[in-house]
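Student: no sequence on this one, just coordinates:
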């Protein structure tokens, strides 16, 4: 399992590096329309062929990775932060605050995530930030729930009691004593969830609610070219493969992390 | 319980749809229509009144059991929902009929053969199944089965031939989740003392596997099934869009795209009701499946 973890981490780092250095690596401008080379099959000039507007597929994939991966990672960070704050407060203070917050969290969790994200992403003009907000406003709930459960068990432990007995205030206990304890768990959950965020981002882009054309994202490449799937499959296969590969790596990473830290996660 | 929730949701979706960018009247008649025409349509759909009046009018309509008319087709939203719901229901059932037996079977095999080749194979295939977006797997399935092999029609709504491909596509992520959840829970149950007792009493392995193990692992499995089924009943937006299946998901999506407020609100309200019903059913199912839950409640 250890080697699997290293392999998928390596692949993820590789994909991120390629996306990061996209301008250096790609031969063509991903948004440049070239009417002389419409729908060219993969060849020496265009390694993965061109799409219906003559744009180089490989460049579009490399640039698309920037958007897709950064949205997924940023939404994970945003969800983590909000979920951590809510979960800490809910678990530590307990009582009525906890009951109200958890009722709301359950409501968010019980709704179909994609439908909720679609609903939120139509609230704002479509674009990268909208997708970010849409994913995070659904995603924070699972973090909040897990962190809250963990804080509930920590709250009664002796180090919290010791801190209180030497006169630490609530805020100090929360930030200095409890928060660092939650970080490994937070990391594990983030590893498990980011794969899902890749898929949500791709789905929103596929539906036209993500980054707007002519910018390339993996999801929008599939939806724009899906009518050519039979005659020009090279337009549709690579972006789908990249989505699946990235999501798969994150999911496996999440599994490995979970086994390593032996975290049992519900909800 | 249901009514305050619905009122809350209706208020929420109402403010929510009001906040949507874009003016439905303008997208109906086009930017260059004459101001008088725009005014007339505004009055017809009640967009000239203040927002509070509009909401009251909407609640009044709801109390009469109506959801209003679509701005575009001028058809009753409720009628359209009733027309499309059977399609969504058929798709959701079909997907579950595929996902449940296969998911349980693979999960069970994977758990019983823990750490062998078949376990690793099933686990890797199911984590892959979770990672493939349905709009991609749907396209691949469509390409292979209907465009290459010409076994099934590529898209449309109709009899079972139209149903099979979208149902398979939709079932894949559920199947993968079910297999994973089944595996983990069965492995957990495996170490419980009553399994050792059963084995000590000389009960056959097949009976232990099917009755003792599976029955005690049912609660998390039913939770997963309920969640997935509930979300499919709200319309599998992606699958329905790809396969041109005329269900609630596509209806919602079209409403959102065209800023057709009555349609969006109708779909969300309808979806909420469905969701409450499904969750309630799952809760009742827990009751019957696990006597421990019943005991716990009686002792409270």
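Tutor: Everything's here; your move. What you are looking at is a predicted structure, and each value in this text was computed from that prediction instead of being measured.
Student: Distance of the most centrally placed residue in chain A relative to residue B:54?
Tutor: For chain A, the residue nearest the mean C-alpha position is residue A:72 (2.7 Å; C-alpha atoms, centre = their mean). Separation of residue A:72 from residue B:54 (C-beta to C-beta, to the nearest Å): 38 Å. To be clear about C-beta, it is placed using only N, CA and C from the backbone, and glycine gets the same treatment.
Student: in the longest helix seen in chain B, what counts as buried?
Tutor: Identified as the longest helix of chain B according to DSSP state H is helix B:77-112. Buried residues in helix B:77-112, defined by neighbour count with 16 or more other C-beta atoms under 10 Å in any protein chain shown: B:77-78, B:80-81, B:84-85, B:87-88, B:90-92, B:94-96, B:98-100, B:102-104, B:106-112.
Student: give me the low-pLDDT residue ranges for chain A?
Tutor: Low-confidence segments of chain A (pLDDT under 70): A:1, A:262-267.
Student: Compute the first-to-last residue distance for stretch B:129-149.
Tutor: 23 Å (C-alpha to C-alpha, to the nearest Å).
Student: Report the mean per-residue pLDDT for it.
Tutor: Averaged across stretch B:129-149, pLDDT comes to 88.
Student: Is there any residue in stretch B:266-279 that contacts chain A?
Tutor: Yes: applying C-beta under 8 Å from any C-beta of the partner chain, one finds stretch B:266-279 touching chain A at B:268, B:271, B:275, B:279.
Student: what's the helix or strand for the second one?
Tutor: In other words, residue B:271. helix B:261-289 (DSSP states H and E).
Student: Could you give the separation of that helix from the chain centroid?
Tutor: 10 Å (C-alpha atoms, centre = their mean, to the nearest Å).
Student: Okay, angle between that helix and helix B:77-112 too, please.
Tutor: 40 degrees (axes from the mean of the first three to the mean of the last three C-alpha atoms, to 10 degrees).
Student: tell me which residues in helix B:261-289 are buried?
Tutor: Those would be B:261-272, B:274-276, B:278, B:282, B:285-286, B:289, for helix B:261-289 by 16+ other C-beta under 10 Å.
Student: again, but for stretch A:88-100
Tutor: Quick answer for stretch A:88-100 (16+ other C-beta under 10 Å): A:88-92, A:98.
Student: Redo the residues you listed as TSV? Include distance to residue A:154 and secondary structure.
Tutor: Shown next, in TSV, are those (distance: C-beta to C-beta, whole Å; DSSP: H, G, I helix; E, B strand; the rest coil):
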residue	distance to residue A:154	secondary structure
A:88	10	helix
A:89	14	helix
A:90	13	helix
A:91	8	helix
A:92	9	helix
A:98	14	helix
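Student: ok, so of those residues, who is nearest residue B:249?
Tutor: residue A:90 (33.1 Å; C-beta to C-beta).
Student: Residue A:229 and residue B:138, how far apart?
Tutor: For residue A:229 relative to residue B:138 (C-beta to C-beta), the value is 11 Å.
Student: Quick check on the two: which one has the bigger neighbour count.
Tutor: residue B:138 (24 against 18; other C-beta atoms under 10 Å in any protein chain shown).
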